[in-house]
Each structure stands twice: as C-alpha cells, then as structure tokens.
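Trainee: fold the stuff below for me.
(one chain, ligands or ions: 1)
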Amino acid sequence: MRILLVEDELGLGEAVQEHAASAGHAVDWMKTLEEAEHAAQSIAYHLVLLDLALPDGSGLDLLRGLRGRGDKVPVIILTARDRISDRIAGLNAGADDYLVKPFDLDELSARILAVTRRYAGDPNPVLRLGDLEIDQTARSVSVAGVQTELTAREWAVLELLMRRPGALVSKDRIEDALYAFGAEIESNAVEVYVSRLRKKLGREAIHTVRGLGYRLEP
Ligand code: CA
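Mentor: Take a look at the predicted model:
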C-alpha cells in the first residue's frame, strides 16, 4: 500500500515509517500540513495516518479537504490521550478510526488491516480463491493446503490485487504502492514481483492484461 503519514513528532514518525516499510508498504512521511496537502493532491493513497496538531495547522483541515473532494481514502487519526474532543471532531469529519499515542506498533498494523478490509467491503481476513488461501492477519498464503512464504514486497503486490479479485490493477498503481517519494524505482520491478508471485502461487493465479495491468483470477 502507499501510505501518507502526517506526523511532526520525529521519533514517532520514524518508528511508524520503519514499521510500515518493513511490512512492504511505501510511506510518504510529511511533517507539516502544507506538505501533506500537496502530497494528498498528487497521489491516490490507500491509507492516511494523520496527526491533528501540526506546526502549521490542524490535520482536520486535510481530512475535511479530502472528504470535501469526495475522496474516501481510509484515514486513521493519531492523537494524544488528553485530546478527546479532537478524536470526536476527527470521527465527525470522516476519519475511520483513531489511535491514542503512545500506541503499540502491532496495534497500528492491526488497525490498518481492519480499516482497509472494511474499505474493500470485506471484513473477512481470509480470502479463498480456488486452491489459494490468503490470511491477511497472519500474512500467510497457502496453495492447495501447502504454505508458501512471501517477501514483504511480494506481499504488497498481492495485497493490492486481492482487494478486488478479478478487477484490473494498473502497473502504475502497483508501482505507486511499492515506492515512496524519492525512492529509487528498480526497472521492471512490477514484472519481477508478479513473476515471483506466479512461481509461488501458480501460473494462472495472476492474469496479465497486456498494456493495462494485472488481475487476480477470481
Ligand atoms: Ca503533532
């Protein structure tokens, strides 16, 4: 997933960015409202992690802007324990969930998964497609009952494809999800990861639509 992290606390921002990156997500970390607004208008994010008290304004303005434009991207608010009114205002402005600082990084992962599953319209963490069984909570995949290990990047690609099995996902969209701003993009990265996934999941699991993208066979 491509995640927009908006947080001005350096220690917390670093921890969240590292944790999300180790799970294969591409994280754009913005420390001011202005930077965040700019990023949100140039990239279609899969998720926003939003601190409200920013040096140049309130994260609520970003959230209201997104919802005002009809953007349904899942938003999780990161807030201090004593700011209950902020949390309520955030939920009222269209946030999907919130986390109280300091939070456990594993709890963050669980919330991210829950919010994105709800967004995809399927609260069930286990997806079954023919021989293929994908457990999003355990991040495990089995083919005809045999477990197979995926790297974080392979998982990130599969995660995009399995949001809507059968739906076409463009190569650009996959590339967006793999690389944050400023990251060096490996050439043919998407082809490479799709080909590795096919080796592990079976040749027919992922269908190429020439010139357009890929889809997971439902
Ligand atoms: Ca802050």
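Trainee: any idea how far the residue nearest to Tyr45 when sequence neighbours are not counted lies from Thr208?
Mentor: Counting by C-beta to C-beta, 6 or more residues apart in numbering, Tyr45 lies nearest to Leu4, which is 4.6 Å off, once chain neighbours are set aside. Placement of C-beta: from N, CA and C, glycine included. Counting by C-beta to C-beta, to the nearest Å, the gap between Leu4 and Thr208 amounts to 29 Å.
Trainee: for these two, indicate the residue with more neighbours.
Mentor: Each of Leu4 and Thr208 has its neighbours counted (other C-beta atoms under 10 Å); Leu4 has more, 24 against 13.
Trainee: how about the contacts made by the more buried one?
Mentor: Counting by C-beta atoms under 8 Å, 6 or more residues apart in numbering, Leu4 makes contact with 27-28, 30, 36, 39-40, 43, 45, 47-49.
Trainee: try it again at 10 Å.
Mentor: Leu4 sits next to 27-30, 35-36, 39-40, 43, 45-50, 62, 66, 73, 75, 180 when contact means C-beta atoms under 10 Å, 6 or more residues apart in numbering.
Trainee: can you select the buried ones from those in ChimeraX?
Mentor: One line in ChimeraX is enough to select the buried members of those, burial here meaning 16 or more other C-beta atoms under 10 Å:
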select :27,28,29,30,35,36,39,40,45,46,47,48,49,50,62,66,73,75,180
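Trainee: I'd assumed Arg203 was in contact with Val143.
Mentor: No - contact criterion C-beta atoms under 10 Å: Val143 and Arg203 do not qualify, at 11.5 Å.
Trainee: and those two? which has more neighbours close in?
Mentor: Neighbours were counted for Val143 and for Arg203 using other C-beta under 10 Å; Val143 has more, 15 against 8.
Trainee: quick one: that one from the ion, how far?
Mentor: To the ion, Val143 is 44 Å away according to C-beta to the ion, to the nearest Å.
Trainee: what about Phe103, how many neighbours?
Mentor: Other residues close to Phe103 by other C-beta under 10 Å number 16.
Trainee: so it, which state does it fall into?
Mentor: Following DSSP: H, G, I helix; E, B strand; the rest coil, Phe103 is assigned to coil.
Trainee: excluding chain neighbours, give the residue nearest to it in space.
Mentor: Leu78 (7.6 Å).
Trainee: in the sheet, who's paired with the one you found?
Mentor: Asp51, Leu99 (DSSP bridges).
Trainee: again, but for Asp135
Mentor: Taking DSSP bridges, one obtains Val126, Ser140 as the residues bridged to Asp135.
Trainee: which ones are touching it?
Mentor: 125-128, 141-142, 147.
Trainee: over to Ile112?
Mentor: When contacts are counted by C-beta under 10 Å, 6+ apart, Ile112 is found next to 1, 3, 19-20, 23, 25, 46-47, 49, 74, 76, 97, 99.
Trainee: now the lowest-mean-pLDDT helix or strand in the chain, how far from the chain's geometric center?
Mentor: The weakest-scoring helix or strand in the chain, judged by mean pLDDT, DSSP states H and E, is strand 126-129 (a mean of 88). Computed by C-alpha atoms, centre = their mean, to the nearest Å, the separation of strand 126-129 from the middle of its chain amounts to 19 Å.
Trainee: list the buried residues for that strand?
Mentor: Quick answer for strand 126-129 (16+ other C-beta under 10 Å): Leu127.
Trainee: list of residues touching that strand?
Mentor: Applying C-beta under 10 Å, 6+ apart, the contact partners of strand 126-129 are 117, 120, 133-138, 140-142, 158, 162-163, 165-166, 201, 205, 216-218.
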